[in-house]
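K.L.:
what would the 3D arrangement of this be:
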Amino acid sequence: MNQAFKALSDPTRRKILELLKEKDMTAGEIAEQFKISKPSISHHLNALKSSDLVLWEKDGQNIIYSLNTTVLQEIMKWTFDFLENRREQNEK
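P.N.:
Predicted structure coming up:
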């Protein structure tokens with residue numbers, strides 16, 4: 001989960017996740033949404049892949065990226081558990 005939090009700390013990566021929330025996309029389609037180089041987008045996609053926040057599938061010469069909701073659900077569960085534990089400690 002540490003890799004996921006690190007990946008989420010970058011605004012470009014968060015924007016990529018927002019794009020993938022709408023639909024699966026190729027790296028080229030993702031790159032079209034930014035004013036940064038394709039190698040930079042590739043770097044961000046690699047960080048998201050290594051943190052398991054995105055899934056990828058080869059389709060001919062293209063790679064299709066999609067959002068991995070399982071990891072996001074784990075992060076949300078951890079966040080809610082953390083907040084609940086904190087609230088319980090404050091009530092004591």
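
K.L.:
buried residues, stretch 36-44. List them.
P.N.:
Neighbour counts over stretch 36-44 (16 or more other CB atoms under 10 Å) mark 41, 44 as buried. (Each C-beta comes from the backbone N, C-alpha and C, glycine too.)

K.L.:
tell me how far it lies from the chain's centre.
P.N.:
15 Å (CA atoms, centre = their mean, to the nearest Å).

K.L.:
the longest helix along the chain - contacts with which helices or strands?
P.N.:
Criterion DSSP state H: the longest helix present in the chain is helix 69-91. When contacts are defined as 3 or more CB pairs under 8 Å, 6 or more residues apart in numbering; DSSP states H and E, helix 69-91 packs onto helix 2-8.

K.L.:
again, only this time at 6 Å
P.N.:
If contacts are counted by 3 or more CB pairs under 6 Å, 6 or more residues apart in numbering; DSSP states H and E, helix 69-91 sits against no helix or strand.

K.L.:
got the CA positions of that helix in CSV?
P.N.:
Included here for helix 69-91 are C-alpha records, laid out as CSV according to Å, rounded to 0.1, in the frame of the first residue of the first chain:
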residue,chain,number,x,y,z
THR,A,69,-10.5,-0.5,-8.3
THR,A,70,-9.4,-3.3,-5.9
VAL,A,71,-6.4,-1.3,-4.7
LEU,A,72,-8.4,1.9,-4.4
GLN,A,73,-11.0,0.0,-2.3
GLU,A,74,-8.2,-1.3,0.0
ILE,A,75,-6.9,2.3,0.4
MET,A,76,-10.5,3.5,1.2
LYS,A,77,-10.9,0.7,3.8
TRP,A,78,-7.6,1.6,5.4
THR,A,79,-8.6,5.3,5.5
PHE,A,80,-12.0,4.6,7.0
ASP,A,81,-10.5,2.2,9.6
PHE,A,82,-7.9,4.7,10.5
LEU,A,83,-10.4,7.5,11.0
GLU,A,84,-12.7,5.2,13.0
ASN,A,85,-9.9,4.2,15.3
ARG,A,86,-8.9,7.8,15.8
ARG,A,87,-12.5,8.8,16.5
GLU,A,88,-12.7,6.0,19.1
GLN,A,89,-9.5,7.1,20.8
ASN,A,90,-10.7,10.7,21.0
GLU,A,91,-13.9,9.5,22.7
